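*Asks:* Need coordinates for the below:
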Amino acid sequence: MPPRPLSKLFFLAVFGVFILARPCISDEPAADDPIVWHSVADLGFGMVDEDLFVSVLLEQGLRWNDLEVTLSAPLRFRVLDRGRTDSGALRSYDWDEASDFMRIPRRVLFGHQWENSALDFAFGELSGVGIGHGALADMYFNSTDMDHYQAGILFKGEHRGSGTEILVDNIIEPEILVVRAFTAPLSFFIDAAWASRFEIGATVGADLAAPVTPPAPGSVVIPAGGGDL
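*Replies:* Residues are numbered from 1 along each chain as shown. Coordinates of the predicted model:
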């Protein structure tokens, strides 16, 4: 069944967000203003399947100290229709799933390092990420299907060489979950930077929707585990 057309009010609201979010100031921050704004507008065209589209990308982002937030409005407008499965000027396959709407809050990044602690957080499209030394997840891309966008989470918190890492492929309908806990045992007894470089870690994860070899229907959960030293 072809996707249902979306309300025009939604796209008016998207552009309204960009208009209201963009302050009437220069991109160059003032001496007493820690916020740096950046804007992107891109126009292109190309084939998707058998149709020709004009692509419009609008982005509005800000950086405030260790926090970076980017809003995005990627839209494809059909200018040459050679198929019968999708009608309308706007390519509705780009917006027919709940996870597709995560294209709007495209990226949220936060990273800060204290004297003995560090925190890193990434939300959005994950490109080539890994957990720990890559025992279970390495060079992972969570959004490779143009018609199925996913916004995931990559988190790492650490204190004196011990902490946790978490990978979630899709916050709307999670399928890949990986968690790693690690510790630096020498750092509990030796107050030196080199002591935190020796880690012992354990990683667990699961594919919650792994495909079953045909002809069996449905899917199964495949758990996995690993360790590193």
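*Asks:* which residues sit against stretch 176-195?
*Replies:* If you take Cβ atoms under 8 Å, 6 or more residues apart in numbering as the criterion, stretch 176-195 is touched by 131-132, 136-137, 140, 142, 160-170, 196-208, 228. In this view, the C-beta of every residue, glycine as well, is placed from N, C-alpha and C.
*Asks:* which residues in this protein form strands?
*Replies:* 35-48, 51-64, 67-80, 107-113, 117-124, 152-159, 162-168, 176-183, 200-211, 219-228 (DSSP state E).
*Asks:* Please name whichever of those strands is nearest to residue 91.
*Replies:* Of all the strands of the chain, the one in closest proximity to residue 91, counting by Cβ to Cβ, is strand 67-80 (4.1 Å).
*Asks:* Identify each buried residue in the closest one, please.
*Replies:* 68-76, 78 (16 or more other Cβ atoms under 10 Å).
*Asks:* now do stretch 187-204
*Replies:* 187, 195-196, 199, 201, 203.
*Asks:* so how far is the first residue of that stretch from its last?
*Replies:* 24 Å (Cα to Cα, to the nearest Å).
*Asks:* Report the mean per-residue pLDDT for it.
*Replies:* Stretch 187-204 shows a mean pLDDT of 87.
*Asks:* I figured residue 45 hits residue 51, correct?
*Replies:* No - using Cβ atoms under 8 Å, residue 45 makes no contact with residue 51, being 11.1 Å away.
*Asks:* neighbour count winner among these two?
*Replies:* Using other Cβ atoms under 10 Å, the more surrounded residue of residue 45 and residue 51 is residue 51, with 16 against 12.
*Asks:* Where does pLDDT dip in the chain?
*Replies:* 1-33, 83-88, 212-217 (pLDDT under 70).
*Asks:* Of all residues in it, which one is nearest the centre?
*Replies:* residue 124 (1.8 Å; Cα atoms, centre = their mean).
*Asks:* Contact partners for the residue nearest to that one when sequence neighbours are not counted?
*Replies:* Excluding its sequence neighbours, the residue lying closest to residue 124 (Cβ to Cβ, 6 or more residues apart in numbering) is residue 107, at 4.1 Å. By Cβ under 8 Å, 6+ apart, the residues touching residue 107 are 61, 68-70, 72, 122-125.
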